[in-house]
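Participant: Build me a model:
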Amino acid sequence: MTNAGYVHFTLYGDNFNPDELTKFIGITPTSTKIKGNPTPKYTMWEFSTEKIENDFIDVYEMSSFVVSKLAPYSSNIRNAVKSFNLKPLLSVALWITSDESKSAPSIGFDENVIAFLNEVGATIDVDTYIV
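Facilitator: Prediction:
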């Protein structure tokens, strides 16, 4: 067993059209979800890395990749948060092997990621699972 993980930036809210949001921001998301009953609880627009499986997972690198793609649209994202009544979130999902011979993931965020998250008013969520 090895480690796995991905990073995604999500804009979520109760009721909005993801296609309209995409046009407003100017970049195509990697996925969208429409609020349902019982799930998902919110409509979501997401830009994500692929799920990476490797002995070493670098959250610094993955979050930097996501932000490098979104940063040129930061003012549009900030305006969309207000116009569409959205919540911005950077999420990290990690599956960490219990095999002690494998390296633990490197979890952190560089100054560009932190500046972007601050600019758009995003929070961070890190979920870890032992496998």
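Participant: what bridges to L94?
Facilitator: Listed beta-bridge partners, L94: G5, T128 (assigned using DSSP bridges).
Participant: just S31 next, same as before
Facilitator: Applying DSSP bridges, one finds that S31 bridges with E46.
Participant: show me what contacts it?
Facilitator: 44, 46, 48 (C-beta atoms under 8 Å, 6 or more residues apart in numbering). For the C-beta atoms, the positions are set from N, CA and C on the backbone; glycine is no exception.
Participant: Switch the residues you listed over to a markdown table; also include distance to N54 and neighbour count.
Facilitator: Formatted as a markdown table, the contacts of S31 follow (distance: C-beta to C-beta, whole Å; neighbours: other C-beta atoms under 10 Å):
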| residue | distance to N54 | neighbour count |
| --- | --- | --- |
| M44 | 26 | 22 |
| E46 | 22 | 18 |
| S48 | 17 | 18 |
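Participant: Now distance to V92 too, for these, in a markdown table please.
Facilitator: Output for those, formatted as a markdown table (distance: C-beta to C-beta, whole Å):
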| residue | distance to V92 |
| --- | --- |
| M44 | 16 |
| E46 | 13 |
| S48 | 11 |
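Participant: Same list, those residues, but as TSV with distance to V67 and pLDDT please.
Facilitator: Listed next are these as TSV, based on distance: C-beta to C-beta, whole Å; pLDDT from 0 to 100:
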residue	distance to V67	pLDDT
M44	18	97
E46	14	98
S48	12	98
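Participant: Just name the closest of the residues you listed to T28, please.
Facilitator: E46 (11.1 Å; C-beta to C-beta).
Participant: The closest one and V7 touch, don't they?
Facilitator: No. With contact defined as C-beta atoms under 8 Å, E46 does not reach V7; the gap is 10.5 Å.
Participant: All good on my end, thank you.
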